[in-house]
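1. Give the three-dimensional model of this entry:
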Amino acid sequence: HVIQPRSGWNLIDLGELWRYRDLLYFLVWRDIKVRYTQSVLGVGWAVIQPVFFMIVFSIVFGRLANVSSDGVPYTVFSYTAIVPWLYFSNSLNASTNSLIQNTNMLSKVYFPRLILPVSASLGQLLDFAIAFVLVAGLLAWYQIVPTYWALGLPLLVVLMVMSATGIGMWLTALAIQFRDVKYGIAFMVQLMMYASPVVYPASNIPDSYDLIYALNPMVGIIEGFRAAFLNTNPMPWDLLAVSAAVSTLLLISGALYFRRMERVFADVA
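-> Model (predicted):
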């Protein structure tokens, strides 16, 4: 097997990624184990974090600010958005640092570098799944019946993973060259949260700005979760279409940019 340096833009070698699927599985499993090793509460942290945000948001925005919740209790309204949002934000943080935290691997052994940010995003799905179980409990508590669109949950999850992985590949390729990117990611994520319908409904945005607002891929995804499980509004197909297009663009462009910069990773790490 001959390994040659690449120049310019390079297409993604899906066959090579498939051949290294065992490494992808190992890295995902390693990230999960490292996150919970010697932890007293273990996977309980996957529930504590969104529940804490739900309580704070319910007090500050639900009671004090009296933010609209589209006719459902603010507790379940906010939690249904917090769970996908925390996956998105945690994936961005993990992906951005994936190359920096594995610099020892970059210069010692060859493997498709794309596996690192992808494994960081996939490793957060366990936390998402655990936290999402509580959604069912809240729906039962408030006697809310999900719509049949809840069967489309896998599609919403795929869009969520695509958007997080796409942005993550852009950020990790930049972070290994410009180390201040990892310091700015926390600020960027915080701004994006308030630019997403996490603490407020998307119905508060004027209709004339809907498509511009939906350029943030999490807008359609979060509203899709609420429409499917809370029946707050009809399924926002227009927002989801924009989210799908943006997520696909982010994933493809992020992978292409990552591949272009891949040849200098070992030199600048």
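2. Which strands or helices does the host helix or strand of Glu223 pack on?
-> Counting by DSSP states H and E, the element that carries Glu223 is helix 217-229. Applying 3 or more CB pairs under 8 Å, 6 or more residues apart in numbering; DSSP states H and E, one finds that helix 217-229 contacts helix 74-96, helix 153-175, helix 237-261. For the C-beta atoms, the positions are set from N, CA and C on the backbone; glycine is no exception.
3. For that helix, list the C-alpha coordinates in CSV.
-> Written as CSV, here are the backbone C-alpha positions of helix 217-229 (Å, rounded to 0.1, in the frame of the first residue of the first chain):
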residue,chain,number,x,y,z
PRO,A,217,-29.6,24.4,10.8
MET,A,218,-30.7,23.8,14.4
VAL,A,219,-33.8,26.0,13.9
GLY,A,220,-35.7,23.5,11.7
ILE,A,221,-34.4,20.5,13.7
ILE,A,222,-35.5,21.9,17.1
GLU,A,223,-38.9,22.9,15.7
GLY,A,224,-39.2,19.5,14.1
PHE,A,225,-38.7,17.9,17.5
ARG,A,226,-41.4,20.1,19.1
ALA,A,227,-43.9,19.6,16.3
ALA,A,228,-43.4,15.8,16.4
PHE,A,229,-43.6,15.3,20.2
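4. State the number of residues packed around Ile185.
-> Ile185: 21 surrounding residues under other CB atoms under 10 Å.
5. for Val60, same thing?
-> There are 12 residues near Val60, going by other CB under 10 Å.
6. Start the count at 206 instead of 1 going forward.
-> Sure, I'll start counting at 206 from here, so that last one is Val265.
7. Asn271 versus that one, what's the distance?
-> 11 Å (CB to CB, to the nearest Å).
8. Tell me the buried residues in stretch 276-287?
-> Using 16 or more other CB atoms under 10 Å as the test for burial, stretch 276-287 gives Val277, Pro278, Tyr279, Thr280, Val281, Phe282, Ser283, Tyr284, Thr285, Ala286, Ile287.
9. Over to stretch 358-372?
-> Neighbour counts over stretch 358-372 (16+ other CB under 10 Å) mark Leu361, Val362, Leu364, Met365, Val366, Met367, Ser368, Ala369, Thr370, Gly371, Ile372 as buried.
10. tell me the mean pLDDT for it?
-> Averaging pLDDT along stretch 358-372 gives 95.
11. which residues touch it?
-> Contacts to stretch 358-372, defined as CB atoms under 8 Å, 6 or more residues apart in numbering, come from residues 289, 292-293, 296-297, 300, 322-323, 326-327, 329-330, 333, 422-423, 425-426, 429-430, 433, 445, 448-449, 451-460.
12. what angle separates the host helix or strand of Phe333 from helix 422-434?
-> Assigned by DSSP H and E, Phe333 belongs to helix 330-346. For helix 330-346 against helix 422-434, the angle by axes from the mean of the first three to the mean of the last three CA atoms, to 10 degrees is 40 degrees.
13. by contact count, what packs against helix 330-346?
-> Going by 3+ CB pairs under 8 Å, 6+ apart, helix 330-346 lies up against helix 250-262, helix 279-301, helix 358-380.
14. next structured bit after the last one?
-> What it means is helix 358-380. helix 386-399.
15. For that following helix, which residues meet the burial criterion?
-> Residues of helix 386-399 classed as buried: Val386, Lys387, Ile390, Val394, Met397, Met398 (neighbour count, 16+ other CB under 10 Å).
16. Distance-wise, check Val288 relative to Tyr315.
-> Val288 sits 37 Å away from Tyr315, taking CB to CB as the criterion.
17. okay but Val248 is in contact with Tyr241, surely?
-> Yes. Proximity of Val248 to Tyr241 meets the contact threshold set by CB atoms under 8 Å, at 6.2 Å.
18. follow-up on the earlier one: tell me which of the helices and strands packed on helix 330-346 lies nearest to Pro441.
-> helix 358-380 (11.3 Å; CB to CB).
19. Please find the angle between the direction vectors of the closest one and helix 442-466.
-> Interaxial angle, helix 358-380 versus helix 442-466 (the same axes, to 10 degrees): 40 degrees.
20. Could you check how far helix 358-380 is from the centre of its chain?
-> Offset of helix 358-380 from its chain centre (CA atoms, centre = their mean, to the nearest Å): 6 Å.
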